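**Student:** give me a model of this one.
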Amino acid sequence: MRIASLLPSATEIVYDLGLGEQLVGVTFECDFPAIARSAAAIVVGGLETNGLTPVEIDDLVRSKVDAGEVLYSLDLERMRAIDPDVVITQDLCRVCAVPSGQVDEAMVALGCRAAVITLDPRCLADVLASVTMLADTLGVPDAGAALRAGLDRRLERVAALVDGHQRQRVFVLEWCDPPFSSGHWIPELVSAAGGTPVLADVGARSRQVAWQAIADAEPDVVIVAPCGFGTSGSAAQARSVLDRLPPDIPVWAVDGNAYVVRPGPRLVDGVELFASIFHPAIFGVPDADRAEQVR
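**Tutor:** A predicted model of the protein is given here:
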């Protein structure tokens, strides 16, 4: 089977299912595992944002969306060359990846008979279900069941360890300028890790909020996890807005790409990471490459 993944999270699932050698197409953002971009053709490109500030990136994306322009470009010639049997895409967020409608049109234009699988998880249960659904569709149900069982066991372990312990009020800043609260599965990561999410909407899109609203929510800790950034980039953004966040509370920057915003198996790593921030006496202090306390 020849698989094209147009989602970084789907690429991770494909590898976790033991199907990495069948992956023939990926996106420019498919950076985990590291071999993905060198072992497969890059068939999706995106906006050039290097050197832009968060507000400049936000302005660029908004202008493109308002103008009805595409944010991700599908390389039709490379898609024709790799000739996939299966294409994995999404409709959840046009800011995050190529939407399925654009993929369907491309398949028709290319005369390609590839099956298009659409993943649109909106909560943590959906993410876990997408693992087994994708495994079943790709013909490896046993691998999917084993992967799902392992993820469930890890979540159950965290739940047992945090049971009965005090829960801190947690605000997750998903973008810094302008500030956005967290949505979709992110509030559930906080809850699963033994915290109480504030200014958060399970299953809904993240939304822009006022700095005063963050202060009024009275969080005990703030986690900065901007989409598209690793730990160092998140830390830089966190420092740039420290004076706007509620004073005298811990502020942590985490690798949002790896553990927070991508709906794949590493969200369970994110739960464990959050748990180590909220309950270090139980789980130990987070590794520096995964999270950095900036205040």
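**Student:** is Val222 located within a strand, as I assumed?
**Tutor:** Yes. Membership of Val222 in a strand is supported by DSSP: H, G, I helix; E, B strand; the rest coil.
**Student:** OK, contacts around it?
**Tutor:** 170-173, 214, 245-246, 249-252 (Cβ atoms under 8 Å, 6 or more residues apart in numbering). Bear in mind the C-beta positions are built from the backbone N, C-alpha and C, glycine included.
**Student:** make JSON lines out of these and add neighbour count, pLDDT and distance to Gly270.
**Tutor:** Converted to JSON lines, the contacts of Val222 look like this (neighbours: other Cβ atoms under 10 Å; pLDDT from 0 to 100; distance: Cβ to Cβ, whole Å):
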{"residue": "Val170", "neighbour count": "28", "pLDDT": "98", "distance to Gly270": "13"}
{"residue": "Phe171", "neighbour count": "29", "pLDDT": "98", "distance to Gly270": "16"}
{"residue": "Val172", "neighbour count": "29", "pLDDT": "98", "distance to Gly270": "10"}
{"residue": "Leu173", "neighbour count": "28", "pLDDT": "97", "distance to Gly270": "15"}
{"residue": "Ile214", "neighbour count": "21", "pLDDT": "97", "distance to Gly270": "21"}
{"residue": "Leu245", "neighbour count": "21", "pLDDT": "96", "distance to Gly270": "21"}
{"residue": "Pro246", "neighbour count": "17", "pLDDT": "94", "distance to Gly270": "23"}
{"residue": "Ile249", "neighbour count": "15", "pLDDT": "97", "distance to Gly270": "21"}
{"residue": "Pro250", "neighbour count": "15", "pLDDT": "98", "distance to Gly270": "18"}
{"residue": "Val251", "neighbour count": "22", "pLDDT": "98", "distance to Gly270": "17"}
{"residue": "Trp252", "neighbour count": "25", "pLDDT": "98", "distance to Gly270": "12"}
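**Student:** now, those residues that are in strands?
**Tutor:** 170-173, 251-252 (DSSP state E).
**Student:** make CSV from the residues you listed and add distance to Ile13 to it.
**Tutor:** What follows is these, written out as CSV (distance: Cβ to Cβ, whole Å):
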residue, distance to Ile13
Val170, 27
Phe171, 29
Val172, 23
Leu173, 27
Val251, 32
Trp252, 27
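**Student:** which one of the residues you listed is nearest to Val221?
**Tutor:** Closest approach between the ones in strands among the contacts of Val222 and Val221, by Cβ to Cβ: Val170, at 5.4 Å.
**Student:** in stretch 38-58, what counts as buried?
**Tutor:** Across stretch 38-58, burial judged by 16 or more other Cβ atoms under 10 Å covers 40-44, 46-47, 54, 57-58.
**Student:** burial of Gln237, as a residue count?
**Tutor:** Using other Cβ atoms under 10 Å, Gln237 has 22 neighbouring residues.
**Student:** now Ala81
**Tutor:** Ala81 has 12 neighbouring residues, counting by other Cβ under 10 Å.
**Student:** contacting residues for it?
**Tutor:** Ala81 neighbours (Cβ under 8 Å, 6+ apart): Ala41.
**Student:** which SS class is it?
**Tutor:** Following three-state DSSP, we place Ala81 in the helix state.
**Student:** also Leu147?
**Tutor:** Classification of Leu147 using three-state DSSP returns helix.
**Student:** before we move on, what's the pLDDT of it?
**Tutor:** We have a pLDDT of 98 for Leu147.
**Student:** swap in the one 3 residues further on?
**Tutor:** Confidence per residue is given as pLDDT, and for Gly150 that number is 98.
**Student:** does it count as helix, strand or coil?
**Tutor:** helix.
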